[in-house]
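Peer 1: give me a model of this one.
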Amino acid sequence: MALHCNTVAGRLGKFLAAIAFLLPAFAAQAQVAAGPGAWSSNQTWAADTVNGGNLTGYFYWPATQPTLAGKRALVLVLHGCTQTAAGDVIDKTANNGFNWKAVGDQYGAVILAPNATGNVYSNHCWDYASTNHNRTSGHDAILLDLISRFVTNPQYAIDPNQVYVTGLSSGGGETMALGCMAPDIFAGVGINAGPPPGTTTLQIGYVPSGYTAATATNNCRSLAGANTAKFATQIASVVWGTSDYTVAQAYGPMDAAAMRGVYGGTFTQGSAVTVATGGSNIPYTDSNGKLRTTEITVTGMAHAWPAGSGGQNSNYVDSTKVNYPSFLMNFWFTNNLRVSTVAAPVMTSCNTTVSGSTATVSGAATDSAGSISSYRVQLSGPTAVNDTPAGSGASFSKGYALSNGTYTGTVTASDSGTGLTSAACSIPQFLVGPPPAILPPTGLAAGTTTASTVPLTWNAVSGATGYNIYRNGVKVTATPLTATSYTSTGLAASTTYSFQASSVGSGSVESALSGTVSATTKAAFTCTTTNASNYAHVQAGRAHDSGGYALANGSNQNMGLDNLFYTATLAQTSAGYYIIGSCP
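Peer 2: Below is the predicted model:
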């Protein structure tokens with residue numbers, strides 16, 4: 001994605017201005033757009049003028065609806081040193097990486113997985129030990145710019161009060177730095193084996209003399225500047241393994257104590273709770289009884305991201321320990337101090353009865369926060385209906401005069417007191433007037449796409465002599481198809497298309513259109529993997545020599561000595577961009 005005339009600082013200013021003029025907390029919520037339910041192709045975001053290159057990475061946009069306040073949460077996930085987003089964080093064929101997709105689906109949250117720019121500390125690290133953390137340059141700035149891109153883009157429906165950050169090792173240290181520097185942006189943090197602000201890379205394995213939780217608190221508070229008041233509504237989780245000999249285990253409880261220090265007030269330590277697969281969690285509540293920090297000690301875990309069952313089990317990711325994404329999302333969503341936890345109304349039923357040209361739509365809903373102020377009826381068909389209010393109270397029933405044809409629709413319920421709206425109740429397809437000469441196909445489905453094609457199948461219709469296909473509302477079949485399958489070709493890469501089908505009977509009579517199915521084409525670039533000596537990689541242009549070491553082009557990951565005796569597997573994930581490991 002080109003930057004055009006937008007600077008990182010300008011985009012961040014727009015983001016903060018958007019937060020300042022938010023609608024009231026209980027603004028009316030509608031159904032948000034469903035995403036593709038798959039990790040994106042490799043993206044290119046802001047330029048890093050300090051470390052070099054552009055921020056790249058992936059995002060997961062779920063097809064499910066959000067579960068809190070009608071808007072989506074946004075989670076920034078930062079890999080550790082020697083790791084990459086493609087190789088370790090996102091889902092792959094063999095495993096689920098850091099294991100974020102499942103909880104993204106469960107909570108309807110968007111997940112961001114960027115790659116560290118440059119080659120900080122010669123190991124593809126995040127610059128957690130920077131002595132110049134700020135919002136306008138370096139890793140801090142490009143990550144805040146990435147958050148801004150998603151929060152200010154209405155298609156993702158991100159709630160600025162549900163933005164979180166987490167990471168491992170250097171990503172854990174950067175997580176703490178971001179949480180300290182931008183408490184106005186991050187409602188919650190999840191620090192995994194992260195050294196606190198003010199420590200150096202040489203001090204990663206031990207706590208320097210004189211450095212205490214109070215030191216970390218002061219360093220954290222100084223990063224926040226004028227935004228310290230926002231610490232009052234931030235929460236933090238910290239996790240580390242008892243067999244971690246890379247990052248000093250003492251940094252774990254110190255990080256949590258430092259966050260409580262900046263949150264202020266008095267805290268009560270709760271009883272340790274056993275963690276599944278081994279370990280314990282110690283909760284701390286503030287003087288208002290709100291859970292503010294948790295400290296998870298994972299028994300027997302080395303320096304790793306605890307992904308839980310199904311996650312990756314290599315390269316500093318451990319699938320045999322606690323599912324930290326699941327724990328963290330539950331902690332954030334249950335204890336978020338910036339979002340109302342009042343439940344939205346729930347539609348319990350909706351249906352339609354037809355008499356002549358009148359269709360009577362009825363429905364019922366419950367509302368734990370009060371009473372249903374209004375129902376909204378939307379019908380698609382020959383006569384479109386968008387009726388608010390169609391009724392109120394525990395239930396309603398309303399008739400509509402409709403033209404002959406096939407209809408579908410939805411009903412939602414709203415509470416004006418909270419401003420919340422229920423999920424939509426789908427009205428089963430119904431017919432007004434005499435049946436058409438032939439019915440539309442059912443079961444229209446899209447198969448596995450390529451960068452330029454979408455395969456479609458559907459069920460046969462009794463009496464049909466052929467079928468027509470419509471793409472984005474336009475018929476694309478010159479003559480009716482005799483088969484019950486079709487491949488739409490010549491499509492643009494990374495683009496979402498909608499398809500419908502119709503049946504054609506004797507006399508060329510055409511049915512109404514079927515229901516719609518959407519499909520997204522894949523990215524034009526196809527990832528390839530090459531295993532060769534480091535010398536061969538350099539000679540072939542997949543890597544370059546730096547001080548006798550081979551560095552992968554694009555990611556700058558250190559592959560070892562540039563000679564015939566060191567070998568590496570490189571995956572080309574985009575033009576000119578290589579990472580160590582296999583294709584995602």
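Peer 1: okay, the residue of the chain most remote from its centre: pLDDT?
Peer 2: The outermost residue of the chain, judged against the average C-alpha position, is residue 507 (50.1 Å), by CA atoms, centre = their mean. According to the prediction, residue 507 has pLDDT 74.
Peer 1: can I assume it sits in a strand?
Peer 2: No: membership of residue 507 in a strand is not supported by DSSP: H, G, I helix; E, B strand; the rest coil, which gives helix.
Peer 1: from residue 431, how far off is it?
Peer 2: 21 Å (CB to CB, to the nearest Å). C-beta coordinates here come from the backbone N, C-alpha and C atoms, glycine included.
Peer 1: try residue 259
Peer 2: Distance from residue 259 to residue 431, by CB to CB: 60 Å.
Peer 1: check residue 581 too.
Peer 2: Counting by CB to CB - residue 581 and residue 431 are separated by 55 Å.
Peer 1: of the two, who's got more company?
Peer 2: residue 581 (22 against 16; other CB atoms under 10 Å).
Peer 1: so what's that one up against?
Peer 2: 84, 86, 87, 88, 315, 569, 571 (CB atoms under 8 Å, 6 or more residues apart in numbering).
Peer 1: again, only this time at 6 Å
Peer 2: Neighbouring residues of residue 581 by CB atoms under 6 Å, 6 or more residues apart in numbering: 87, 571.
Peer 1: what does residue 571 give?
Peer 2: By CB under 6 Å, 6+ apart, the neighbours of residue 571 are 527, 529, 579, 581, 582, 583.
Peer 1: distance of the nearest residue to residue 526 once chain neighbours are set aside relative to residue 484?
Peer 2: The shortest distance from residue 526 to any non-neighbouring residue, by CB to CB, 6 or more residues apart in numbering, is to residue 451 (7.8 Å). From residue 451 across to residue 484, the span is 25 Å (CB to CB).
Peer 1: now residue 134
Peer 2: In terms of CB to CB, residue 134 sits 60 Å off from residue 484.
Peer 1: more neighbours, the two?
Peer 2: Between residue 134 and residue 484, residue 484 has the larger neighbour count (other CB under 10 Å), namely 17 against 13.
Peer 1: need the pLDDT of the more buried one.
Peer 2: At residue 484, pLDDT is 97.
Peer 1: quick check, residue 331 in a helix?
Peer 2: Yes: per three-state DSSP, residue 331 lies within a helix segment.
Peer 1: surely it is in contact with residue 237?
Peer 2: Yes: the criterion here is CB atoms under 6 Å, and residue 331 meets it with residue 237 at 5.4 Å.
Peer 1: give the bridge partners for the closest residue in space to residue 235 that isn't next to it in sequence, please.
Peer 2: Excluding its sequence neighbours, the residue lying closest to residue 235 (CB to CB, 6+ apart) is residue 188, at 4.8 Å. Beta bridges link residue 188 to residue 164, residue 235, judged by DSSP bridges.
Peer 1: and residue 188, how many residues sit next to it?
Peer 2: Neighbour tally, residue 188, other CB under 10 Å: 26.
Peer 1: check contacts around it.
Peer 2: Counted by CB under 6 Å, 6+ apart, residue 188 has contacts 164, 235, 332.
Peer 1: could you check how far it is from residue 296?
Peer 2: 15 Å.
Peer 1: same check on residue 541?
Peer 2: In terms of CB to CB, residue 541 sits 45 Å off from residue 296.
Peer 1: these two: which is more packed in?
Peer 2: Taking other CB under 10 Å, residue 541 and residue 296 do not tie; residue 296 has more neighbours (27 against 10).
Peer 1: once you drop chain neighbours, what's closest to the more buried one?
Peer 2: Residue 296's closest residue in space is residue 239 (CB to CB, 6+ apart), at 4.2 Å.
Peer 1: I'd like the next helix or strand past the helix or strand containing that neighbour.
Peer 2: Remark: residue 239 resides in strand 235-241, with elements defined by DSSP states H and E. Heading C-terminal from strand 235-241, the first helix or strand you meet, by DSSP H and E, is helix 251-263.
Peer 1: show me what the strand or helix carrying residue 283 packs onto, helices and strands only.
Peer 2: Residue 283 is part of strand 279-286, with elements assigned from DSSP H and E. When contacts are defined as 3 or more CB pairs under 6 Å, 6 or more residues apart in numbering; DSSP states H and E, strand 279-286 packs onto strand 267-269, strand 291-298.
Peer 1: need the residues that contact it.
Peer 2: 265, 267-270, 272-275, 291-299.
Peer 1: now stretch 397-404
Peer 2: 357-362, 382-383, 385, 390-391, 432-433.
Peer 1: and if you look at stretch 517-529?
Peer 2: Contacts for stretch 517-529 (CB under 6 Å, 6+ apart): 36, 41, 444, 446, 449-451, 454, 491, 493-499, 571-574, 582-583.
Peer 1: ChimeraX command to pick out the buried ones of those residues?
Peer 2: The following ChimeraX line selects those of those that are buried, judged by 16 or more other CB atoms under 10 Å:
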select :41,444,446,449,451,454,491,497,499,571,572,573,574,582,583
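Peer 1: just checking, which of the contacts of stretch 517-529 belong to strands?
Peer 2: 446, 454, 496, 497, 498, 499, 571, 572, 573, 574 (DSSP state E).
Peer 1: against residue 453, how distant is the closest residue to the last one other than its chain neighbours?
Peer 2: Nearest residue to residue 574, sequence neighbours excluded (CB to CB, 6+ apart): residue 42, at 4.6 Å. When distance is defined by CB to CB, residue 42 is 21 Å away from residue 453.
Peer 1: so those two - more neighbours on which side?
Peer 2: residue 42 (21 against 16).
Peer 1: wait, the more buried one touches residue 572, no?
Peer 2: No: counting by CB under 6 Å, residue 42 stays clear of residue 572, with 10.2 Å between them.
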